[in-house]
Every structure is written in C-alpha cells, then in structure tokens.
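S.K.: Just the structure for this:
(4 chains)
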Protein chains: 2
Amino acid sequence: MADVRPTLRDVATRAGVSLSTASVVFSGRGPVADTTAQRVRTAARELGYAGPDPRASSLRQGRAGAVGVLVEGRLLHAFRDPFAVAVLDGLAHELDAVPTGMLLLAQPVDDEERLVSQVAGLALDALVFSMCGPADSALVQHAAARRIPMVGTGSPLDPRVHHVRIDEREAQASAVEHLWQLGHRAIAHVTMPLGRGARTRRLGRDDVSRAEVVDARLRAEGFLARAGRSAPLVEAGSADVDGGREAAALLLAADPAPTAIVAQSDLLAAGVLQAAADRGLRVPEDLSVTGFDGLSLPWLDRPLTTVDQRGEEKGRALGRMVAALLAGDTVADVELPAELRPGATTGPPPSRR
Amino acid sequence: MADVRPTLRDVATRAGVSLSTASVVFSGRGPVADTTAQRVRTAARELGYAGPDPRASSLRQGRAGAVGVLVEGRLLHAFRDPFAVAVLDGLAHELDAVPTGMLLLAQPVDDEERLVSQVAGLALDALVFSMCGPADSALVQHAAARRIPMVGTGSPLDPRVHHVRIDEREAQASAVEHLWQLGHRAIAHVTMPLGRGARTRRLGRDDVSRAEVVDARLRAEGFLARAGRSAPLVEAGSADVDGGREAAALLLAADPAPTAIVAQSDLLAAGVLQAAADRGLRVPEDLSVTGFDGLSLPWLDRPLTTVDQRGEEKGRALGRMVAALLAGDTVADVELPAELRPGATTGPPPSRR
DNA sequence: TTGTAAGCGTTATCAG
DNA sequence: CTGATAACGCTTACAA
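M.R.: As a prediction, the model looks like this:
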C-alpha cells in the first residue's frame, strides 16, 4: 500500500473500468451491472480506497455538507447556557437527517474581521445565527456575496436572513402581566447585556432603544410597555448567574425596593434568587422572580416562574429552515409561541399577604 | 449583479490581468505590483466577489480548514457535562490560532455505520475524539484510509490515534488513598456507563475487565487496586447526576453501607450527594464522597473533593497536537497530570469521629 | 450498460 | 512582476 491516497482513477484502472463507471458505483446514480460494481468495490478494498474525496466532489456538486453555526463568545460561556445547548441540540437533530454537519463558529466579541476571514476559508452550505445577538454582523455581507443562505433567531436584522422568532415583547410583557395580576406594583427588570462592554448599571429608556442586542431590547420594551415607563431597569454585566446576582443586588439595595424582579433569562433569574438569599429575602414571600427561557434547572430548589420558549423546538425549526433552503425551496419566517409557565417563585407581594 | 457567483476568472478579466495574477493577489503568495493589486481588488468589489471559493482552493491545496470533533451521544447530553465543554473550549482556543474550524460530530450510540458515511462526505483535516469512549470505532479505519490524522484522550485504542491522556488508574487510586488515610475501610465505587446498554447494576471484576469504555475501565481498575478486590462497584445507567443518584441509592441500601463512595465523575458525585441527602445522611459526617474531573459546579453548596484533570488544558493539548500534525510534524503521546484536590465532601468515617 | 470528454474554481510551476 | 498551462479528484452529459 503506497503512502499516497489512491484516487478513483486508480480504482477504475485496477477494476478495468472507466473512471465514470467507477464514479457511478460510489455515487449510486445511474445503473451499473452488479458484476461491474463488485469488481470496482473489490478493487477499492484492495487499494484501501476510502471513497470519493469530499473536497473534489463538493467542488463538482457545489455542496459542502456542512453549515456554520455561530455561538456567542467562547464555547465555555455559550455552552454554560442550557438554553443555547437546547437550541443546538434541536438543530443538530434536524440537520442530522439532511444530512449535514455543524461547524461551530465562536463569535468573538470585538474582532469581527477575523471571523469573516475564518468563514471565508470554509466551505459552508448555510450559516445559522443560533442565538439572538447584535442587530448586525459583518458576516451577513460576506455570506450574501457567497450566496450562502442565512437563518437566525431574530438577529442580524437583515432581509437576507430568514428568521425563527418568538414575539419577544409580548412574551416578556406576559411575565409582567402575571405579576401585576398578583398585585405587584413595584416591578423591576434585569436585562441581558445590551451590547459589547456591558456592565452592571441602571438603564434609562434611551439605553434600551439604543441596545445592539435585539432580543434584550425587545424584551425590555415589552417589559416597559406593561410595567410602566418609569419602572427600574438594570443591565447585567454578563448573561449568567453572576450577572443576575449583581444586577439584582443593585435593584434590591434601592429604597423602596421592588417587590418583583423580571429577569430576561432563567440564568439571570437564578442569580436574582441568589441575590435575594444574600439579603435574607424569602422567595416568593418577600420577592417574586420570573425568568425567561423555560429551562429545567435541576439545581434550583424550586421551579422557576418563567416564559417558556422551547429551545429544542426553536433549534428544530431552524434546522428545518436550513433543510428547506438547501433544497432550494423558498421559506417564510416562522413565529413560535412562547408562554408564561407559573412556578413557585412568584406570589402576591408582601402588602397583600 | 448577476445571480451567479462571480469567479476569480471574472475578476481577472475585468481587471485586465491574468487568472494567476488575480489568484496571487488574494492568496498573498508571490509579489504583485501595488497598482495591479488595487485594480484586482477594485474589480472584485465591483463584481461582488467574496474571495476564492473554499471548495476549489481546498481541492487544490489539500486543506479543508476544519477538523471533525466527536462528542458522545446527543449534543444535549455532551454539553450538559461541564468537563466536556471545558475540553472543547480549550480545543477551540488552540485551533482558533491555526486557524481551523471545529465540525461537531455526535457519535450515535448504536449506528456507527451512519457516522462513518457522514464523515466520508466531509472534508476534514483531522479527527478529534474529544471524550474517552469505547475502545474501538469504525471511524478509525475510515480515517486511516483517508490519511486523516487522529487524536484522542485514551480511546479508541489504536496505534494510529495519537493520545493526550492522564494516568486514569493512578488518578482514581489517589482518591481511594485519600479516603483510606482518613480511616475509611468500607469504600464503594460508582462507575460511568461501561458500554452501550448500561444500566444501574452491581458489577463484578470481570464486568470491569470487559468494559468497552476505556476510562471507565481504567478508573475502576485503579479503584480496585487500592480499595481491595472485593470492594463494591455499581455501574451508573447514565453519565449524569441522575445516574449517580440511582447508583448511589443502590450502594447505600446495602448492609453494611459504605462509609465512602468514590465516583468516576463530578456529575456522578453530585448525584451521590443527592442520594445521601435522600437518605438523610450528612456529608461528610456520615458519608464521604469523591468526584473526578475537577469541575467547578457552582450549584453544589460545598466544594467537592475531586481528582482534578484540567479539562481546558486537556483540550489545549489536543489542539496543539492537531496543529502539529497538520504542520506535518511527528507527535508523541502526551500524559497530563491529574491530582486529588480535597474539598469539603470527605472526612473521617463515623467510627473515627 | 459503459466510455469519452468537458468542466467545477483554484493554485503551482515555470517561462517570459 | 506577470501570464500560460497543467494539475487537484471528481461528476455528468452525451456518445457509443
């Protein structure tokens, strides 16, 4: 066995057939006599031929067999969010049926140019913006030029990107409505980071309208629409438990303190619960807390009241959209339902007890 | 702008230069006059040319710009394990510098043939078995035939796969040693699933030696070597918190019950802690527990005594190995240290208090 | 049913 | 510094 990889031509020669016949044997397109096929396969086995080189066939057929999947920041952080993982899992499930592989692309916070040049060197059939992030991305321009179809979950905001969304505003407002019904009138909000360089800080209405991150902006708008324009807002410095804890600490130190905190994600809500515990507040007796995503966080000691947007289903919808696009179909944007799921972290405010 | 993607030839024609000159402008190899380069770039911009097609250049250059990364089972499960995520993060970090993308391959439990045919269609420069799993994989044969270099963390056991390992036996034995020093004499072991079709069950010595999953086998052997050949072993049905809980429940129901349980992973150990709580046992007063991996599990209320194998470092070592292999260097297997890190879940047995 | 030939879009070599 | 020309390994009309 020579050290160079045999090619289809070598196999064909050895089997005593033409190159095209050998090709047909492997691709399965077109009729081949059984005996011929046998001879080709035998020759392949003898030569240690592992099948057609994907590089060559993808050039010829125009299919790479892989889609790029963008996740935010470092993998370590992206995968710490069970919601992101659920979306990816649903996506993987649908793409597996195509079949198509997922090429992970970690979106660096600052250096977009680098990401574009990385993608420029990759053979990709589509691009998936798996998490709703900044409103625009330099990648869109590049992918559009390459005629690579793009799908996202609300961002980037570009007509060339197909979306699977939820009604972020309405979904977040439903959490406020739930609290309002319970009697809360001092409701505060913890947002995800609104853009790069986020830090724990109080937010004004115009900070919200200027926010780069689409879902964070829409949810905050939905919150404000129902809770009142002057309801307090705090931005979390990071989209994780610690970020929620710090943001909530800021809110709870105010006087008067809110009786309920609406967080933009379950992870943030988990941090809010910690901050409440830090101050000796009982949940939901002294403070009600809502999350967003609908994760099952087994390490929480009680079920969170949350807005359930089924992550796996979202991922599957993305995957089906990709599959349709690859098949050359035209697709329409999809809107998925998201609804409030009451748990044990919300109840009447102290004054009503 | 036509609807077909322009090619380098179109750009060259428009710029009034030859194809090869245009190529050199984009690849940066070879000298080009500034004015010529400008003209080419202008023509490219005007045509909306997004750079050389990666499919074609990869065929020509023999590089795909991506490596396949195998994770066990569904993504949802793989990413639920913080250790796996840490390894992937370290890997991503090193590969980013190459630069090379990571194509995720979920290893189905049963249908290996499907995985092979998936990989057969993918242009990959290397294959990374990121988690130590079954001792052999049909992929090895395929990748070897394609001359794709392979790296792993202990499995598959094949001389063609380069490894980054830890001394699993010794590492697991060190946890037993720690307990022994504290005075424990009734030490039990919870193993990861030993192969497909795992279920919660007591294990004999020969179950261990027949185990498919390499690290599970080696750790169990290390455990037995130090704890004594008749120390009780239970296999977890799944490599997660619930698996650990069920396995520990079985151990704790025995009479006499162990005073210490050595788990093969931190996730399993978390389940052991739950099982202890279920029976009203205090840790470490009534039961000592050790884990394996060295994760920081923020949702545990106290630090776990564990064997720290730094996942990120392991991933980086894998990444460096891949980089070296891609550069054509010969590489030697690497052994990384793993050491016991005492936490708050181990102490003297009840009899010594 | 099998063979011939023309690409797919680049990059590498080598001569000018 | 620039330009012909030949691969890279395969697929697919079309002809036999």
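S.K.: and the closest residue to A:Gln309 other than its chain neighbours, how many residues sit next to it?
M.R.: If the residues on either side of it in the chain are set aside, A:Gln309 comes closest to A:Ala338, at 3.9 Å by CB to CB, 6 or more residues apart in numbering or on different chains. In this view, the C-beta of every residue, glycine as well, is placed from N, C-alpha and C. A:Ala338 has 22 neighbouring residues, counting by other CB atoms under 10 Å in any protein chain shown.
S.K.: Surely A:Ala338 is in contact with A:Arg169?
M.R.: No: taking CB atoms under 8 Å as the contact criterion, A:Ala338 and A:Arg169 are not neighbours in contact, 10.8 Å apart.
S.K.: Distance-wise, check the residue in chain A that chain B sits nearest to relative to A:Asp266.
M.R.: For chain A, the nearest residue to chain B under the criterion CB to the nearest CB is A:Trp299, separated by 3.2 Å. Distance from A:Trp299 to A:Asp266, counting by CB to CB, to the nearest Å: 12 Å.
S.K.: The two: which is more packed in?
M.R.: Each of A:Trp299 and A:Asp266 has its neighbours counted (other CB under 10 Å); A:Asp266 has more, 26 against 13.
S.K.: Could you pull up the residues touching that one?
M.R.: By CB atoms under 8 Å, 6 or more residues apart in numbering or on different chains, the contact list for A:Asp266 reads A:82-83, A:291-295, A:297, A:304, A:306.
S.K.: next one: A:Arg201
M.R.: Each residue near A:Arg201 by CB under 8 Å, 6+ apart is listed here: A:234-235, A:250.
S.K.: which of those residues has the most neighbours?
M.R.: Of these, with other CB under 10 Å as the count, A:Glu235 tops at 26 neighbours.
S.K.: Now the phi/psi pair for that residue, please.
M.R.: Dihedral angles phi and psi of A:Glu235 (degrees, to the nearest 10) take the values phi -90, psi 140.
S.K.: So for it, what's the pLDDT?
M.R.: Looking at A:Glu235, its pLDDT is 98.
S.K.: A:Val322 against A:Val151, yeah?
M.R.: Yes: proximity of A:Val322 to A:Val151 meets the contact threshold set by CB under 8 Å, at 5.8 Å.
S.K.: So for these two, which residues contact both of them?
M.R.: Overlap between the contact sets of A:Val322 and A:Val151, as judged by CB under 8 Å, 6+ apart, is given by A:126, A:128.
S.K.: burial measure for A:Pro232, as a count.
M.R.: When neighbours are counted by other CB under 10 Å, A:Pro232 registers 18.
S.K.: Would you agree the residue of chain A closest to chain B is in contact with B:Leu273?
M.R.: No: in this structure, A:Trp299 sits apart from B:Leu273 without contact. The criterion is CB under 8 Å, and the distance is 11.3 Å.
S.K.: in stretch A:20-37, what counts as buried?
M.R.: Of the residues in stretch A:20-37, those buried by neighbour count under the rule 16 or more other CB atoms under 10 Å in any protein chain shown are A:21-26, A:32, A:36-37.
S.K.: Over to stretch A:190-204?
M.R.: Within stretch A:190-204, the residues that count as buried by 16+ other CB under 10 Å are A:190-195, A:198, A:200, A:203.
S.K.: Would you mind listing the two of those that lie farthest apart?
M.R.: Of all pairs drawn from the buried residues of stretch A:190-204, the greatest distance, 15.9 Å, lies between A:Val190 and A:Gly195 (CB to CB).
S.K.: CA atoms only: put the host helix or strand of A:Val272 into PDB for me.
M.R.: When secondary structure is defined by DSSP states H and E, A:Val272 falls within helix A:266-278. Coordinates of each C-alpha in helix A:266-278 appear next as PDB, following Å, rounded to 0.1, in the frame of the first residue of the first chain:
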ATOM      1  CA  ASP A 266     -33.500  31.800  33.600                       C
ATOM      2  CA  LEU A 267     -29.800  32.000  34.300                       C
ATOM      3  CA  LEU A 268     -30.200  35.700  35.300                       C
ATOM      4  CA  ALA A 269     -33.200  34.700  37.400                       C
ATOM      5  CA  ALA A 270     -31.100  32.100  39.200                       C
ATOM      6  CA  GLY A 271     -28.700  35.000  40.100                       C
ATOM      7  CA  VAL A 272     -31.600  37.100  41.300                       C
ATOM      8  CA  LEU A 273     -32.600  34.300  43.600                       C
ATOM      9  CA  GLN A 274     -29.100  34.200  45.000                       C
ATOM     10  CA  ALA A 275     -29.200  38.000  45.500                       C
ATOM     11  CA  ALA A 276     -32.400  37.600  47.300                       C
ATOM     12  CA  ALA A 277     -31.000  35.000  49.500                       C
ATOM     13  CA  ASP A 278     -27.900  37.200  50.200                       C
END
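S.K.: after it comes which helix or strand?
M.R.: The element immediately downstream of helix A:266-278 (helix or strand, assigned by DSSP H and E) is strand A:288-293.
S.K.: Buried residues of the next helix or strand after that next one, list them for me.
M.R.: Sequence-wise, the next helix or strand downstream of strand A:288-293 (DSSP H and E) is strand A:305-308. Of the residues in strand A:305-308, those with enough neighbours to count as buried (16+ other CB under 10 Å) are A:305-308.
S.K.: which ones among the buried residues of stretch A:190-204 are found in strands?
M.R.: With strands taken from DSSP state E, the overlap with the buried residues of stretch A:190-204 comprises A:190-191.
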